[in-house]
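> What shape does this take:
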Amino acid sequence: KCPVCGMTMTIVSGESTLDRAEQRMIGLEADVARRLPLVRSLRVVGEVDYDETRLSRITTRVGGWLETVWIDATWTAVAKGEPLAAIYSPELYAAEQEYLVAFRASRAERGSGGTLEPSALLHAARRRLQLLAIGDEEIAQLEEAGVPRDSVVLRAPLGGVVVERRALEGASVAKGALLYTVADLDVVWVQALVFESDLPWVRVGQSVRLEVEGRAASLKGTVAFVDPAIDRRTRTARVRIEVDNTASEDGLRPLRVGQRVDAWLEAALDADGTLAEAGTAAPSRHPIAVPKSAVLRTGERALVYVLFTEEETPEGRQRSYHLDPESLPEKLWYEPVQVRLGPPARVAGEAALAEYYPVLGVVPPRPVVDPETGEERVVLSLRRITEGVTVVSKGNLLLDSQAQLAGKPSLLFPEGNRGASADPHAGH
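Sure thing, here's the model as predicted:
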């Protein structure tokens, strides 16, 4: 027992080995490095907005007065070609009268045996009506009626919902005045803000999972555009996500404009720990990964403890790093290996809590200088983490603490702590 604190003292071998009792004492658990389809999930907050390519602003091409307004409320659903309002316009009346005169003259010329081609005057008069937003169907009705109208009907250029209305019956309107804005809500945009440090993990065409408060099922979207500029104040860039917003059988749409949603961007990792290109999902391109619990980190270094066995052969002592984590041998050797890691990620299709680190490479230990001869000696250590290498997933912190006490290389002391003692009660 310790003469100072009375604690029962256990003799621990100074070698980097573990017997069965020591394995149980530290609660040793192991895992193996393996190739995994890792994805990095980014959670961002977005706001639903109109698809600008599906917005239509309806303006007047003639000045006049609103004679009739059929669509007199916002959020009214309209079909393509549905009449919205009628504008009384002396300018339109004069243009239609001019067309009728040219039309009758052209017909009379053809009846007297003249050319069958319409005259240039008729062409000019018809073009003028078209510039005033008079369609071919309405021109045909004008030719059949033979009487000019004094009003023009504004029709919806696409099916959707009226999201803005400025048309008031009896009001005067100037040429070019905005009367309606119609939006097709079958597809909407989600405008999300992504921090500049996360932008390397966002690409156009990337799939996005959307979660809406109060809705059990998630929605799917696609990254359509990433802003090329960073907001100097928030250090974020806007990412545009396209989402299908088709109404269900009861007429309700899953998203409403202005609604806040949580967007999860799934970024698949390549073998080098970067964002994988589309079409490179082959297992051979998956990164070699270890569980997050197997990694000890400081601000600059990352360490994993690998397990191995040794045996004497005619060629010398041979190490085997490929062990069965479920059936570890009676005696184990272990050593710290400094590694270069990619970003933490999870396995595609599994719970977000089970995170892994992709291993990008190994940092070899520095040569040790013999204090007597001054010669440098290369430290025997694992030079590469490959599939099947056994790593400590639980108990590694205790192993590292023991290495520090023994003055051996550890997380905080890469070259060993020569001032340390193997006796944890030294100094009592």
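
> what's around Ser89, how many residues?
24 (other CB atoms under 10 Å). No exception for glycine: its C-beta is placed from N, CA and C like everyone else's.

> Nearest spatial neighbour of it, chain-adjacent residues omitted?
Gly64 (3.4 Å; CB to CB, 6 or more residues apart in numbering).

> so what's the backbone phi/psi at that neighbour?
Dihedral pair for Gly64: phi 170, psi -150, per degrees, to the nearest 10.

> Quick check, central residue of the protein?
In the chain, the residue lying closest to the centroid (CA atoms, centre = their mean) is Leu265, at 2.9 Å.

> Which helix or which strand is home to that one?
For Leu265, the host element (DSSP states H and E) is strand 260-268.

> Pull out the buried residues from that strand.
By 16 or more other CB atoms under 10 Å, the buried positions in strand 260-268 come out as Val261, Ala263, Trp264, Leu265, Ala267, Ala268.

> Where does pLDDT dip in the stretch 201-350 of the chain?
Along the stretch 201-350 of the chain, segments meeting pLDDT under 70 span 278-281.

> thinking again about what came up before, check what contacts the strand holding Leu265 and list those residues.
Strand 260-268 is contacted by residues 37-48, 190, 192, 194, 201-203, 206-213, 219, 221, 223, 241, 255, 275-276, 281, 348 when judged by CB atoms under 8 Å, 6 or more residues apart in numbering.

> could you flag which of those are buried?
For those, a burial check counting by 16+ other CB under 10 Å picks out 37-42, 44, 46, 48, 190, 192, 194, 201-202, 206, 208, 210, 212, 219, 221, 223, 241, 255, 276.

> can you tell me which of those are in helices?
Under the assignment DSSP state H, the buried ones among the contacts of strand 260-268 contribute nothing to helices.

> Which of those fall in strands?
38-42, 44, 46, 48, 190, 192, 194, 208, 210, 219, 221, 223, 241 (DSSP state E).

> Kindly state the beta-bridge partners for the closest residue to Val163 other than its chain neighbours.
Once flanking residues are discounted, Val163 sits nearest to Ala183: 4.8 Å by CB to CB, 6+ apart. Note on Ala183: beta-bridge partners by DSSP bridges are Leu55, Val161.

> residues contacting Ala183?
By CB under 8 Å, 6+ apart, the neighbours of Ala183 are Tyr50, Asp51, Arg54, Leu55, Ser56, Gly160, Val161, Val163.

> can you redo those residues as TSV with distance to Asn417 and pLDDT?
Formatted as TSV, the contacts of Ala183 follow (distance: CB to CB, whole Å; pLDDT from 0 to 100):
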residue	distance to Asn417	pLDDT
Tyr50	63	95
Asp51	62	94
Arg54	66	93
Leu55	67	93
Ser56	73	92
Gly160	71	91
Val161	71	93
Val163	69	93
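
> Which strands or helices does the helix or strand encompassing Gln404 pack on?
Using DSSP H and E, Gln404 sits within helix 396-405. When contacts are defined as 3 or more CB pairs under 8 Å, 6 or more residues apart in numbering; DSSP states H and E, helix 396-405 packs onto strand 296-297, strand 302-313, strand 332-341.

> I'd like to know which of those strands is closest to Pro83.
strand 332-341 (64.6 Å; CB to CB).

> Sheet-wise, list the partners of whichever helix or strand comes after the closest one with their directions.
Later in the chain than strand 332-341, the nearest helix or strand by DSSP H and E is strand 345-347. Here strand 345-347 is paired, per DSSP bridges, with strand 38-50 (antiparallel), strand 355-363 (antiparallel).
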